[in-house]
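# what follows is a predicted structure for the sequence shown.
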Amino acid sequence: MENCLFCKIISGDIPSAKVYEDEYCYAFRDINPQAPTHILVVPKTHVASIAEADQLSPGALAAILSAIGKIARQEGLDNGFRVVSNCGPDACQSVQHLHFHILGGRQMAEKMA
């Protein structure tokens, strides 16, 4: 999508702090981190949100989830991490491109709301 922030990051039109890339996804550090480690993992194919994830192949979805585990290990998140995907306005999804937040590097609050 031509006006999508994350599509522009994936294409290299907007710089990012890349931490991982494969044929299915691109991962980079969030510019407004909410935890010591805060990485965004985005599919290379534009899909607006998790509600439309059925537009991705099962293989692509599996590869993205597998990448999240690889990235967490690479980042040393051995004590655990949180994965979040906001979907829609009520969840405060700010970029209309499916993305997963990997949050870690500290003890997370038990309550997520």
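Now that the structure is in, tell me what you want to look at. Residues are numbered from 1 along each chain as shown.
# quick one: contacts of stretch 10-18?
5, 8-9, 26-29, 42, 44 (CB atoms under 8 Å, 6 or more residues apart in numbering). Placement of C-beta: from N, CA and C, glycine included.
# just the strands in the chain please.
Assigned by DSSP state E, the chain shows strands spanning 18-21, 25-29, 37-43, 81-84, 100-104.
# okay, buried residues for the fourth one please.
When you say that, I think you mean strand 81-84. residue 81 (16 or more other CB atoms under 10 Å).
# what's it packed up against?
strand 100-104 (3 or more CB pairs under 8 Å, 6 or more residues apart in numbering; DSSP states H and E).
# find the nearest non-adjacent residue to residue 96, please.
residue 48 (4.8 Å; CB to CB, 6 or more residues apart in numbering).
# how many other residues sit next to the one you found?
As a burial measure, residue 48 scores 17 neighbours (other CB atoms under 10 Å).
# quick one: distance of whichever helix in the chain runs longest to the chain centre.
Longest helix in the chain, counting residues (DSSP state H): helix 58-74. Relative to its parent chain, helix 58-74 has a centroid offset of 10 Å by CA atoms, centre = their mean, to the nearest Å.
# show me what that helix is packed up against.
Short answer (3+ CB pairs under 8 Å, 6+ apart): helix 58-74 packs on strand 18-21, strand 25-29, strand 37-43, strand 100-104.
# any chance of those in JSON lines, plus mean neighbour count, distance to residue 81 and mean pLDDT?
JSON lines is the format used below for the helices and strands packed on helix 58-74 (neighbours: other CB atoms under 10 Å; distance: least, CB to CB, whole Å; pLDDT from 0 to 100):
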{"stretch": "strand 18-21", "mean neighbour count": "15", "distance to residue 81": "13", "mean pLDDT": "98"}
{"stretch": "strand 25-29", "mean neighbour count": "21", "distance to residue 81": "13", "mean pLDDT": "98"}
{"stretch": "strand 37-43", "mean neighbour count": "22", "distance to residue 81": "7", "mean pLDDT": "98"}
{"stretch": "strand 100-104", "mean neighbour count": "21", "distance to residue 81": "3", "mean pLDDT": "98"}
